[in-house]
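J.: take this sequence and fold it.
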Amino acid sequence: MAGPASESHSRSATARDVIARLNRIPVWAFPPSFLAIIGMGYFFTFFDITNIGFAMPAIAVQFGLTGSESLFVALAIGLIGYIFGSYIIGTLSDRYGRFNMMLVTMVLIAIGSFGDAVATSVITLSLWRFVTGMGVGADLNLVSTYIGELAPSNKRGRISMLTFLIGIVGQSITPFVALALVPEFAIGWRLLFAIGGIVAVIAIAMRFKLSESPRWLALHGRMREANAVVTKMEAFARKKVKTLPKPKPGDVDLSKGRFPTYYLFRRQYATRLLMFASMWFFWYIGNYGFLGDAATLLAAQGLTIENSILFIAVGAVGYPVGAFVMAKVADRFERKWLILCAAAVWLVGMALIGTLSSYSIMLGSFLAALSLGLYLQIAYTFTAESYPTRARASGFALSDGIGHIGGAVGALALPIMVSAFGFGVAFAAIGVTGLAAGIIALAGPVASRLSLEEVSA
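T.: Numbering: from 1, shown residues only. From the prediction side, this is the model:
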């Protein structure tokens, strides 16, 4: 009768075989509709991240909020929910699977969005912003984790970017939707949130078509299910490439009994955690300062709220342009250098906005949106792929969650900096913090075109 050691060895060998078969697949081995399904969830995520900044001026008037109260509702409550949701649901996905938790995130987003739309006071709005934030934070985490675990190593960056390209349309059209609704109707901001809830409900129904991550299944000993998913992927891939390379099994760590976060404090991962948390902290300082405050700050400089939204809306076409460009180059060059280039574009965009010239604001907004399209998903991909499967979502959650403290700092500090040092200096400063994020990324591991097991080793 086989003992525990023999059983563990057999399971390890089987898991190695499953993952080796998965790693040898050179193409996206699911229908293209899977990317659209995942991208639909992303669509709402970026729709929500953007819509609150455009809704808050109207909400502040109707609810009689001060500037600090508006920032608290628009930023702090949502960010707290984002951080908690990403870590809690991300940890659950490391223990109980990606698929179920990806449904949970969309349910939370739908509930939170409809709650936002019917809020009657600052208290109820804060509650629903927290719920929405939990869903948004967790979904950003799980989508990057899930896509990375399914995509072939030689195209992981490109496939992640194609999914992101679908989603980033949400950030591109939100200013135009807001422009049509918020200034024109008393309930315009409510309609803005309700649209997001409808999109989330559609995404829930569509996500039932997805499969569980075979990497996660193999790691947790569910070999029959893992084998079934990989067999389907192989069959789909053979329709495209006819013959698959021979599998090359490698080492698979199957140690059990540890809370996922435990693995992140091993020496090699603790260093990565510090690096990625710092990278996201500096990036989000400018990111949230711009997205949350720009329309209001521009209006305070003498522009009408309609024009301040319009200038940013015109620039928002840069989001899909950036994502499209990055999809072309994501696997041709090393991730860290691409991130640095995107951060440099951000700096130029912030400097142009700081001039307060109408044309410079539009060009700067375009470059800022272009930079976000270039930066976000490749950096999400880089973060997720740098941690082991057993703690990938937890590692992403802590990196991104700690980083979001920078978002709170940026959105709260930018208006103060504008008052103290002037508009141009303040926007140049958040441009520099973005560049700092790109420089920090250079300390990350080599990742492009390598298997997840090689990157996270």
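J.: chain center to the one helix or strand Lys232 maps to, what's the gap?
T.: Using DSSP states H and E, the secondary-structure element containing Lys232 is helix 223-241. Going by CA atoms, centre = their mean, to the nearest Å, the spacing between the C-alpha centre of helix 223-241 and its chain's C-alpha centre is 28 Å.
J.: repeat that for stretch 310-321.
T.: Using CA atoms, centre = their mean, the offset of stretch 310-321 from its chain centre is 19 Å.
J.: ok, and what's touching it?
T.: Applying CB atoms under 8 Å, 6 or more residues apart in numbering, the external contacts of stretch 310-321 come out as 46, 165, 168-169, 171-176, 178-179, 294-295, 298, 303, 358, 361-373. No exception for glycine: its C-beta is placed from N, CA and C like everyone else's.
J.: quick one on the thing from earlier: quick one: contacts of the helix holding Lys232?
T.: Outside helix 223-241, the residues that touch it by CB under 8 Å, 6+ apart are 11, 14-15, 18, 21-22, 25-27, 29-31, 211-212, 214-215, 217-218, 244.
J.: and the residue nearest to the spatial centre of the chain, what element?
T.: For the chain, the residue whose C-alpha lies nearest the mean C-alpha position (CA atoms, centre = their mean) is Leu140; its distance is 3.8 Å. Secondary-structure assignment from DSSP H and E places Leu140 in helix 122-150.
J.: return the helix or strand in the chain with minimum mean pLDDT.
T.: Across the helices and strands of the chain, the lowest-confidence element by mean pLDDT, DSSP states H and E is helix 67-71, at a mean of 67.
J.: now the helix or strand hosting Thr296: buried residues?
T.: Following DSSP H and E, one finds Thr296 within helix 267-300. Judged by neighbour count (16 or more other CB atoms under 10 Å), helix 267-300 contains these buried residues: 269, 272-273, 275-299.
J.: quick check: next helix or strand after that helix?
T.: On the C-terminal side of helix 267-300, the closest following helix or strand by DSSP H and E is helix 305-315.
J.: what mean pLDDT does whatever helix or strand comes next after that next one have?
T.: Toward the C-terminus, helix 305-315 is succeeded by helix 318-329 as the next helix or strand (DSSP H and E). Within the predicted structure, the mean pLDDT of helix 318-329 is 92.
J.: can you pull out the strands in this structure?
T.: Counting by DSSP state E, the chain has no strands at all.
J.: which positions in the helix holding Lys232 come out as buried?
T.: By neighbour count, and taking 16+ other CB under 10 Å as the criterion, the buried residues in helix 223-241 are Met223, Glu225, Ala226, Asn227, Val229, Val230, Met233, Ala237.
J.: same question, stretch 318-338
T.: 318-323, 325-327, 330-331, 334-336, 338.
J.: quick one: contacts for the spatially closest residue to Phe324 that is not a sequence neighbour?
T.: Nearest-residue entry for Phe324: Leu165, 6.1 Å, with adjacent residues in sequence omitted and distances by CB to CB, 6 or more residues apart in numbering. Applying CB under 8 Å, 6+ apart to Leu165 gives the contacts Gly39, Pro320, Ala323, Phe324, Ala327.
J.: which members of the residues you listed are the farthest-apart pair?
T.: Of all pairs drawn from these, the widest gap by CB to CB lies between Gly39 and Phe324 and measures 13.4 Å.
J.: number of residues surrounding the nearest residue to Pro245 once chain neighbours are set aside?
T.: Beyond its immediate neighbours in the sequence, the residue positioned closest to Pro245 (CB to CB, 6+ apart) is Arg24, lying 4.6 Å away. Using other CB atoms under 10 Å, the number of residues around Arg24 comes to 17.
J.: ramachandran angles for Arg24?
T.: phi -80, psi -10 (degrees, to the nearest 10).
J.: quick one: contacts for it?
T.: Contacts here follow CB under 8 Å, 6+ apart; on that basis Arg24 touches Leu244, Pro245, Lys246, Pro247, Lys248.
J.: buried ones only from those, please, as a PyMOL command.
T.: Buried residues among these (16+ other CB under 10 Å), as a PyMOL selection:
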select buried, resi 247
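J.: how about the contacts of Arg24, which pair is most distant?
T.: Greatest spatial distance among these (CB to CB): Leu244 and Lys248, at 11.8 Å.
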